[in-house]
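> Kindly return the folded structure for what I paste below:
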Amino acid sequence: MNYKRIHIGKLIQTFVKENHINTAELARKLGKTRQNLYDLYKRDDIDVKLFLTISEVLNHDFLADLYEKKEMDCVLNTVLDALKELISEKISKNTIKK
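Okay, the predicted model is just below:
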């Protein structure tokens with residue numbers, strides 16, 4: 001498999017900064033500490049369940065951001081399509097707790 005590696009932590013951190021989201025508040029909503037969140041920003045990959053939770057809490061489809069980076073193969077795109085649909089469903093059902 002030959003695809004461009006995407007740094008998930010930086011993707012999330014950039015969104016948080018650009019949207020002026022309070023790190024302490026985000027950490028609280030995720031049930032994490034601020035230090036956990038700062039550590040997450042340094043990671044290039046994270047658990048899918050945590051990724052979905054962050055997408056829900058921030059009401060943002062990060063998979064759509066990844067999907068736009070077309071450097072991925074067909075198998076990965078299929079997985080991303082399925083996850084993107086799941087996030088869209090959760091967001092559209094207003095399951096986000098603010």
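
> what's the average pLDDT for the longest helix seen in the chain?
When the chain is parsed with DSSP state H, its longest helix is helix 74-92. Mean pLDDT, computed over helix 74-92, is 77.

> That helix - contacts with which helices or strands?
Applying 3 or more Cβ pairs under 8 Å, 6 or more residues apart in numbering; DSSP states H and E, one finds that helix 74-92 makes contact with helix 48-58, helix 62-67. C-betas here are computed from N, CA, C, even on glycine.

> Let me know the angle separating that helix from helix 48-58.
Angle, helix 74-92 to helix 48-58, by axes from the mean of the first three to the mean of the last three Cα atoms, to 10 degrees: 40 degrees.

> tell me how far helix 74-92 is from the chain's mean position?
Offset of helix 74-92 from its chain centre (Cα atoms, centre = their mean, to the nearest Å): 12 Å.

> For it, buried residues please.
Buried residues in helix 74-92, counting neighbours by 16 or more other Cβ atoms under 10 Å, are found at Leu80, Leu83, Lys84, Ile87, Lys90, Ile91.

> Check stretch 37-49 too.
In stretch 37-49, counting by 16+ other Cβ under 10 Å, buried: Leu37, Leu40, Tyr41.

> What lies in contact with it?
Here stretch 37-49 makes contact (Cβ atoms under 8 Å, 6 or more residues apart in numbering) with 5-10, 12-13, 23, 26-27, 30, 32, 50, 83.

> Take these and keep only those in helices.
Those of the contacts of stretch 37-49 lying in helices (DSSP H): Ile8, Gly9, Lys10, Ile12, Gln13, Thr23, Leu26, Ala27, Leu30, Leu50, Leu83.

> Nearest to Leu63, out of the buried residues of stretch 37-49: which one, please.
When the buried residues of stretch 37-49 are compared for distance to Leu63 (Cβ to Cβ), Leu40 wins out at 16.7 Å.

> and the angle from the strand or helix carrying that closest one to helix 48-58?
In the assignment (DSSP states H and E), Leu40 maps to helix 34-42. Interaxial angle, helix 34-42 versus helix 48-58 (the same axes, to 10 degrees): 110 degrees.

> pLDDT weak spots in the protein?
The chain contains residues with pLDDT under 70 at 1-5, 67-77, 94-98.
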